[in-house]
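Asks: Mind folding the following:
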Amino acid sequence: MKTDEKYVPVFKALGDETRLKIVEMLSDGELCACDILESFQLTQPTLSYHMKILTESGLVNSRKEGPRMRYSNNESMISSVKEFWDTIDSSSK
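Replies: Below you'll find the predicted structure:
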């Protein structure tokens, strides 16, 4: 896989308004799925779908704490995406 190909799932994940808002919410720190759910008018299965996409893209980390799922931004991936984005220079084309 070419280096830039690993970012395709990231940008696809961020192409959805709900997922973009979730990543923004998580920038303040780790949250329980129940806390995220309260901020949206979604069903639990719909939230699970969005969280699956975010975790599979590498943007979000998940961990189980008792019966609850807790989510946080993957700062390493976010830094990598920022660095990749900074290499895109449309003025050189």
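
Asks: where exactly do the strands run in the chain?
Replies: Using DSSP state E, the strands found in the chain span residues 31-32, 60-65, 68-73.

Asks: Summarise which helices and strands the shortest one is packed against.
Replies: In this case it means strand 31-32. Contacts defined by 3 or more CB pairs under 8 Å, 6 or more residues apart in numbering; DSSP states H and E place strand 31-32 against strand 68-73. Bear in mind the C-beta positions are built from the backbone N, C-alpha and C, glycine included.

Asks: so how far is Lys64 from Leu54?
Replies: Taking CB to CB, to the nearest Å as the measure, Leu54 and Lys64 are separated by 16 Å.

Asks: and these two? which has more neighbours close in?
Replies: Leu54 (27 against 8; other CB atoms under 10 Å).

Asks: if I pick the more buried one, what's in contact with it?
Replies: For Leu54, the contact set (CB atoms under 8 Å, 6 or more residues apart in numbering) comprises 13, 19, 22-23, 60, 71.

Asks: again with Asn74
Replies: Contact criterion CB under 8 Å, 6+ apart gives 58-61 as the residues in contact with Asn74.

Asks: ok, for it, nearest residue in space, not its chain neighbours?
Replies: Asn61 (5.0 Å; CB to CB, 6 or more residues apart in numbering).

Asks: Look up which residues are beta-bridged to that neighbour.
Replies: Applying DSSP bridges to Asn61 yields these beta-bridge partners: Ser72.

Asks: Pull the number of nearby residues for it.
Replies: Residue crowding around Asn61 was assessed by other CB under 10 Å; the count is 17.

Asks: how far away is it from Met51?
Replies: When distance is defined by CB to CB, Asn61 is 11 Å away from Met51.

Asks: where do the contact lists of those two overlap?
Replies: Common neighbours of Asn61 and Met51 are listed as Tyr71 (criterion: CB under 8 Å, 6+ apart).
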